[in-house]
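> sequence plus the predicted model coming up.
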Amino acid sequence: MIRTSKWPEKLFWFSESVGFFKANFFTIFGLGLVAAIGRAVQMKAFGPISPSSNVILEIVIESARVLIFLYALGLSNVRSGFTKLIRIFSSSDSRKKSWYTAFQKLKNQWLSLLTNMTVFLLSAWVINFLIDYAAYQTCLYATLKSNQIISDQASVWAFILFFKNISVIPFTLVFNALFLLWITNKLTIGKQES
């Protein structure tokens, strides 16, 4: 994906994460929605479930999250993401090169790392604040319960975790995957390498 960023160079990693999320919104949202529905069901949004169903749903939820991470790491290709992950941690030469590159990048671009992390943390805080606000300060949760869209047994956490799984959690996974690419020089200004 070649694009010119309007963001300052210090925010390159964050801006690429936002750009990747926007460019691949439907795939990432779809996988996040699978995790969100699974988590809502686990939190009794539609009534109680059996312990075995709970375990199966946890596998589905975590699989969706792993797929989001690998999809982002492979820059829209799960297989490529899996290959990159294996290559980084299995081959000793590749591992040594990756660690050396990461240490050099941290040494030379620590301010960029700090800036990107700060902007990400502020963004995540705002998203979480809005989700909490919707859960606790609006009538949306109460309306869902009173209209029997969600079960009376569902806690407010079913609502909160549903929205986190379609927003801040997928964005965090994309941000972390692109961090791994950035720190190992696989994500460069103007282009994303495979």
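Structure received.

> just the element for the nearest residue to Val78 once chain neighbours are set aside, please.
Nearest residue to Val78, sequence neighbours excluded (Cβ to Cβ, 6 or more residues apart in numbering): Leu70, at 4.7 Å. To be clear about C-beta, it is placed using only N, CA and C from the backbone, and glycine gets the same treatment. Assigned by DSSP states H and E, Leu70 belongs to helix 51-73.

> so which residues make contact with that helix?
20, 24, 27-28, 31-32, 34-35, 38-39, 41-42, 49, 77-78, 80-82, 84-85, 165, 169-170, 173-174, 176-178, 180-181 (Cβ atoms under 8 Å, 6 or more residues apart in numbering).

> which ChimeraX command selects the buried ones in those residues?
Here is the ChimeraX command that selects the buried residues among the contacts of helix 51-73 (16 or more other Cβ atoms under 10 Å):
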select :20,24,27,28,31,32,34,35,38,39,41,42,78,81,82,84,85,165,169,170,173,174,177,178,180,181
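
> chain center to the helix or strand that contains Ile37, what's the gap?
For Ile37, the element it lies in under DSSP H and E is helix 25-42. Averaging C-alpha positions (Cα atoms, centre = their mean, to the nearest Å) puts helix 25-42 11 Å from its chain's average.

> could I get that helix in CSV with only the CA atoms?
What follows is helix 25-42 as a C-alpha-only set of coordinates in CSV (Å, rounded to 0.1, in the frame of the first residue of the first chain):
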residue,chain,number,x,y,z
PHE,A,25,-12.4,-1.5,7.7
PHE,A,26,-14.9,-4.2,6.6
THR,A,27,-12.5,-7.1,7.1
ILE,A,28,-11.3,-5.8,10.5
PHE,A,29,-14.8,-4.8,11.6
GLY,A,30,-16.2,-8.2,10.5
LEU,A,31,-13.7,-10.1,12.6
GLY,A,32,-14.2,-7.7,15.5
LEU,A,33,-18.0,-8.3,15.2
VAL,A,34,-17.5,-12.0,15.5
ALA,A,35,-15.5,-11.4,18.7
ALA,A,36,-18.0,-8.9,19.9
ILE,A,37,-21.0,-11.1,19.5
GLY,A,38,-19.2,-14.0,21.0
ARG,A,39,-18.2,-11.9,24.1
ALA,A,40,-21.8,-10.5,24.4
VAL,A,41,-23.1,-14.1,24.4
GLN,A,42,-20.6,-15.1,27.0
